[in-house]
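Trainee: Just a sequence and a predicted model for now, questions to come.
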Amino acid sequence: MNLKRIFGAILTLLGIASLIFAAQTFLSASGTERDIKSLIIYGVLGLIFFVSGISLVKTTKDES
């Protein structure tokens, strides 16, 4: 397995975990400014990690 593919899989898993944490924060948020900021930060970072991980896995050619 290629190192780029492994890194892409790790980024994808981190992105999924961050998006799940953002969803959990959204469901339990009381609406304070701190909750909204953390929701935005975790959501955006999770989306960036997820998209970059998926694109790394898709664009890396399998050479054996």
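Mentor: Received the coordinates, thanks. Numbering: from 1, shown residues only.
Trainee: So which elements touch the helix or strand hosting Ser52?
Mentor: Element membership for Ser52, per DSSP states H and E: helix 33-59. The helices and strands touching helix 33-59, judged by 3 or more CB pairs under 8 Å, 6 or more residues apart in numbering; DSSP states H and E, are helix 3-28. C-beta coordinates here come from the backbone N, C-alpha and C atoms, glycine included.
Trainee: Show the contacting residues for Leu56.
Mentor: Lys4, Arg5, Phe7, Gly8, Leu11 (CB atoms under 8 Å, 6 or more residues apart in numbering).
Trainee: Pick out whichever of the residues you listed sits closest to Thr25.
Mentor: The shortest approach to Thr25 among the contacts of Leu56 belongs to Leu11, at 20.7 Å (CB to CB).
Trainee: Which pLDDT value belongs to that closest one?
Mentor: pLDDT, the model's per-residue confidence, is 95 for Leu11.
Trainee: Measure how buried it is and give me the count.
Mentor: Number of residues near Leu11 (other CB atoms under 10 Å) recorded here: 20.
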